[in-house]
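J.: got a predicted structure here, sequence first:
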Amino acid sequence: MDGAFRVGDWQVEPQLNLIADGNRITHLEPKVMSVLVYLADHADQVIRKERLIHAVWPDTFVTDDVLTHAVSELRRVFGDDVRAPRYIQTIPKGGYRLIALLAREDVLPREGLPPPALVPGVAAATEVPRSARTRAIVWALTLMLVAAAAGWLGLRVARPTHARAMHLAISIPAAGALGANRGLDLPVLSLSPDGTRVAYVANPDGKARLYLRALDERESKPISGTEGAYHPFFAPDGESIGFAARGKLRKVSLADGNIVDVCDAPTLRGAAFTVRGTIVFAPTSHGGLWAVPARGGKPVEVTRLDLGTGENSHRWPEVLPDGKTVIFTIRRGGSFDNALVAAVDLETGQRQALIEGGTFAQYASTGHLVYGTASGMLAVAFDPIRLRTNGTPFRILDGIMAHPDTGAAEFSLSRSGSLAYVVHGAAVTDRTLVRVDEHGVAEPILPARRGYEAPRVSPDGHRIAVTILEGSDAGIWILDPARGALSRFMPESGNTHAIWHPNGHSLAFSSSRAGPRNLFCQATEASHAPERLTTSPYWQWPTSWSPDGRLLAYTEYHPISSADIWILDLAGGRRRPFMVTAALETGANFSPDGRSLAYVSDESGTQEVYIRSYPDPGPKWQVSTDGGTEPVWDPRGGMLFYRHEDKMMAVDITARPSFAVAKPRVLFEGRYLGFPWWDHTPSYDVERTGYPFIMIKDSERATPPTEISIVLNWFDELTRAARAN
């Protein structure tokens with residue numbers, strides 16, 4: 001197609017990389033324009049993807065994702081719908097076809113592009129150019145001159161008026177509440193780039209999976225094969241969705257339902273497609289960012305932690321419009337109050353700080369970064385070219401808060417200017433510490449509702465160590481139930497997963513005080529600094545002491561092998577692996593006689609509880625029969641407890657004359673706090689006499705969210721809020 005032409009309602013100027021209708025002009029990337037021109041040259045023909053890639057990128061290796069992004073960009077500009085196309089039709093397993101009406105330059109109507117007088121502050125030309133092509137050139141040059149002058153003078157060029165925002169909601173049936181068993185600590189929703197569909201995670205039968213809802217349809221549709229999913233994210237063309245499930249980064253095609261395992265991602269903390277056919281992602285909760293081909297392959301490192309400045313995680317990447325710059329969150333210490341939002345250039349690796357005290361930042365084409373904090377959702381003016389924020393951040397919405405443990409915030413923006421979000425219900429601080437007998441009857445230990453996690457009963461049964469979350473603060477507290485006295489163990493934040501030493505006078509725990517979470521130990525009556533037990537770039541947390549107090553079992557997360565079980569010998573400071581495989585192994589718990597370890601593994605594809613002898617890992621016995629997590633021994637021996645969904649299970653164990661495992665039985669059932677599948681640190685403990693159980697009950701007011709709020713044309717509200725500030 002030589003020269004200018006019209007496609008549908010749009011005039012196309014290939015040499016200027018411009019297209020325009022009667023109201024606006026849009027600049028296309030050169031390759032996107034080349035795709036349009038090639039389709040126009042072969043109008044009404046089905047052009048296979050391979051042929052189109054060879055024509056537009058003849059000397060470059062690119063993936064299908066690059067082409068689908070280019071087509072998606074054309075559809076976005078045209079306002080085309082892939083399901084009811086007016087411009088570009090997708091032929092399944094065939095390719096693409098331009099179906100819009102074409103007109104060449106010699107038959108173009110004289111109206112063409114809008115005259116320069118429509119640009120504020122610029123007078124109309126004294127003579128209207130005779131050809132549409134000349135008008136396009138004059139208009140483009142005028143626009144560029146005005147933009148340059150505005151930039152030099154520090155002025156703002158007026159933007160086109162946005163459509164007014166419209167609010168609506170998607171109701172999820174109560175049986176299909178949003179999120180998995182931990183609620184909203186990891187992302188559960190994503191808006192498609194064109195803002196017409198939302199993907200979300202729900203658990204109607206206790207098993208989380210992905211659902212897809214088109215905004216013009218009444219019902220959501222489950223996506224087959226996505227069980228265990230979290231953190232959905234759309235590809236740029238909106239035709240596939242990435243997500244995490246069971247330690248893998250995966251991708252599902254919405255056209256045919258085909259699912260691809262892209263690579264390992266043991267504890268995914270953010271992922272985003274690029275227009276170059278790759279995915280930038282954080283595979284674990286304690287490392288840097290990596291990039292991997294979207295079709296699957298070997299990841300390559302993008303960022304590396306700066307341990308000297310206290311960095312312990314890079315997460316929540318977002319790709320900017322230039323396709324080569326990624327903004328992401330840097331976690332420092334144990335709190336997101338002092339997290340940093342930064343940008344990294346994928347080509348040079350150069351990093352630049354953007355926001356102090358924010359997380360989960362997303363880019364809005366109004367020229368803002370929108371991000372989460374412990375108190376709500378904020379925005380700040382942002383220049384994506386110079387990578388600079390301008391002015392003071394301002395509040396946008398309350399109720400959308402960054403989770404204190406992961407830094408995730410439940411909102412998603414579309415390129416079209418829409419917003420999807422979920423408002424938090426009762427906070428994690430609204431939990432109750434309770435005693436539960438073997439029949440499931442519960443009574444509160446303390447009247448105060450707080451963010452309790454992982455209670456541990458002291459060897460003498462007189463005290464309970466418990467983690468308490470308060471906002472972004474995580475600390476260890478010690479409770480004397482007889483007196484109702486609760487006191488903080490250490491003033492510093494970032495300390496969790498405390499377990500009592502058999503002597504009852506010290507605690508081992510996980511702490512981010514010196515970088516990634518490593519193991520420390522501190523006497524309960526000591527005033528000096530805690531003793532550091534391990535130094536590792538990988539996150540670790542203790543799970544059990546041997547009965548003699550000489551050995552400490554703990555879990556370590558490795559980017560390659562996922563969660564593994566290690567044993568630390570306190571006498572010599574030596575550590576050795578107990579279970580290090582490609583499967584997930586965690587939650588190791590010494591038996592009362594110290595001769596075996598109970599643990600959780602997903603080697604079968606389902607999390608199950610196993611027992612293995614110690615010190616030499618000989619034969620193993622599978623304890624659970626239909627899934628199980630969080631094993632805890634009866635302190636008296638002869639019985640192992642574990643949890644299966646909402647059920648507390650018990651299994652009789654016989655050691656002599658030979659080892660035998662009885663059939664599991666249900667003790668009671670109830671909705672109590674549980675830890676996520678990748679952790680399996682017990683979220684409960686047992687009194688020294690075997691009963692009752694010390695457990696954590698969420699507030700009765702803390703019902704799982706069942707509604708997704710949608711704001712169409714939300715950028716209008718964002719722009720007005722920016723002006724007001």
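T.: Happy to help now that I have it.
J.: please parse the chain into its domains.
T.: Per the record's domain assignment (automatic domain parsing), the chain is made up of the domains 5-153, 186-299+315-386+394-420+713-724, 431-698.
J.: reformat those as TSV; add distance to Gly308.
T.: Backbone N, C-alpha and C define where each C-beta goes, glycine included. Formatted as TSV, those follow (distance: least, Cβ to Cβ, whole Å):
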stretch	distance to Gly308
domain 5-153	37
domain 186-299+315-386+394-420+713-724	11
domain 431-698	9
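J.: buried deepest among those, which one?
T.: With neighbours taken as mean count of other Cβ atoms under 10 Å, these reach their highest mean count in domain 186-299+315-386+394-420+713-724, at a mean of 20.
J.: got the domains of the chain as a markdown table, with mean pLDDT and distance to Ile170 columns?
T.: As requested, those are exported to a markdown table (pLDDT from 0 to 100; distance: least, Cβ to Cβ, whole Å):
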| stretch | mean pLDDT | distance to Ile170 |
| --- | --- | --- |
| domain 5-153 | 69 | 19 |
| domain 186-299+315-386+394-420+713-724 | 90 | 6 |
| domain 431-698 | 88 | 24 |
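J.: check which helix or strand covers the residue lying closest to Arg431 once chain neighbours are set aside.
T.: Using Cβ to Cβ, 6 or more residues apart in numbering and skipping the chain neighbours, the partner closest in space to Arg431 is Tyr452 (4.9 Å). In this assignment (DSSP states H and E), Tyr452 forms part of strand 451-457.
J.: give me the residues contacting that strand.
T.: 427-429, 431-433, 463-470, 496-500, 673, 675, 681-688, 694-696 (Cβ atoms under 8 Å, 6 or more residues apart in numbering).
J.: partner strands of it, with direction?
T.: strand 464-470 (antiparallel) (DSSP bridges).
J.: next SSE after the partner strand?
T.: Scanning forward in sequence from strand 464-470 by DSSP H and E, the next helix or strand is strand 473-480.
J.: mind exporting that following strand as CSV, just the C-alpha atoms?
T.: Extracted C-alpha coordinates of strand 473-480, given in CSV (Å, rounded to 0.1, in the frame of the first residue of the first chain):
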residue,chain,number,x,y,z
ASP,A,473,4.7,-4.7,61.9
ALA,A,474,5.4,-8.4,62.7
GLY,A,475,6.7,-9.2,66.1
ILE,A,476,6.9,-12.1,68.6
TRP,A,477,5.0,-11.9,71.9
ILE,A,478,4.8,-14.1,74.9
LEU,A,479,1.5,-14.8,76.7
ASP,A,480,1.0,-16.1,80.3
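J.: can you give me the helices for the chain?
T.: For the chain, applying DSSP state H gives helices covering 30-41, 49-56, 64-78, 132-153, 714-724.
J.: how far off centre is the third one?
T.: Read that as helix 64-78. Taking Cα atoms, centre = their mean, to the nearest Å, one finds helix 64-78 lying 25 Å from the centre of the chain it belongs to.
J.: quick one, it and helix 30-41 angle?
T.: 80 degrees (axes from the mean of the first three to the mean of the last three Cα atoms, to 10 degrees).
J.: mind giving me the packing neighbours of helix 64-78?
T.: Applying 3 or more Cβ pairs under 8 Å, 6 or more residues apart in numbering; DSSP states H and E, one finds that helix 64-78 contacts helix 30-41, helix 49-56, strand 88-91.
J.: go through the ones you listed and name the closest to Leu718.
T.: Nearest of the helices and strands packed on helix 64-78 to Leu718, taken as Cβ to Cβ: helix 30-41 at 26.2 Å.
J.: Asp430 is in contact with Asp698, correct?
T.: Yes - Asp698 is in contact with Asp430 according to Cβ atoms under 8 Å; the separation is 7.2 Å.
J.: what about the residue nearest to Arg431, distance to Glu630?
T.: To Glu630, Tyr452 is 16 Å away according to Cβ to Cβ, to the nearest Å.
J.: next: Pro384.
T.: Applying Cβ to Cβ, the value for Pro384 to Glu630 is 45 Å.
J.: repeat that for Asp430.
T.: With Cβ to Cβ as the criterion, Asp430 and Glu630 are 22 Å apart.
J.: got it, and Leu673?
T.: Taking Cβ to Cβ, one finds Leu673 at 11 Å from Glu630.
J.: any residues in contact with both of these two?
T.: Residues touching both Leu673 and Glu630 comprise Ser683, with contact defined as Cβ under 8 Å, 6+ apart.
J.: what bridges to Ala442?
T.: Beta-bridge partners for Ala442, by DSSP bridges, are Val436.
J.: need the contact list for it.
T.: Each residue near Ala442 by Cβ under 8 Å, 6+ apart is listed here: 434-436, 670, 695, 697.
J.: excluding its backbone neighbours, what's nearest the residue nearest in space to the middle of the chain?
T.: The chain has Gly270 as the residue nearest its centroid, 4.0 Å off, counting by Cα atoms, centre = their mean. Leaving aside its chain neighbours, Gly270 sits nearest to Trp316 (3.8 Å; criterion: Cβ to Cβ, 6+ apart).
J.: residue contacts, the one you found?
T.: Contacts were defined as Cβ under 8 Å, 6+ apart; by that measure Trp316 touches 269-270, 282, 328-329, 359-361, 407-408.
J.: between those residues, which sits nearest Ser624?
T.: Arg269 (28.3 Å).
J.: so where do the strands sit in the stretch 551-700 of the chain?
T.: 551-558, 562-569, 574-579, 585-590, 596-601, 608-613, 620-622, 629-633, 639-644, 647-654, 660-661, 665-669, 685-686, 693-698 (DSSP state E, counting those that start in this stretch).
J.: how about those in a markdown table, adding distance to Pro187?
T.: Output for the strands of the stretch 551-700 of the chain, formatted as a markdown table (distance: least, Cβ to Cβ, whole Å):
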| stretch | distance to Pro187 |
| --- | --- |
| strand 551-558 | 20 |
| strand 562-569 | 20 |
| strand 574-579 | 30 |
| strand 585-590 | 23 |
| strand 596-601 | 24 |
| strand 608-613 | 27 |
| strand 620-622 | 33 |
| strand 629-633 | 22 |
| strand 639-644 | 25 |
| strand 647-654 | 28 |
| strand 660-661 | 39 |
| strand 665-669 | 29 |
| strand 685-686 | 31 |
| strand 693-698 | 20 |
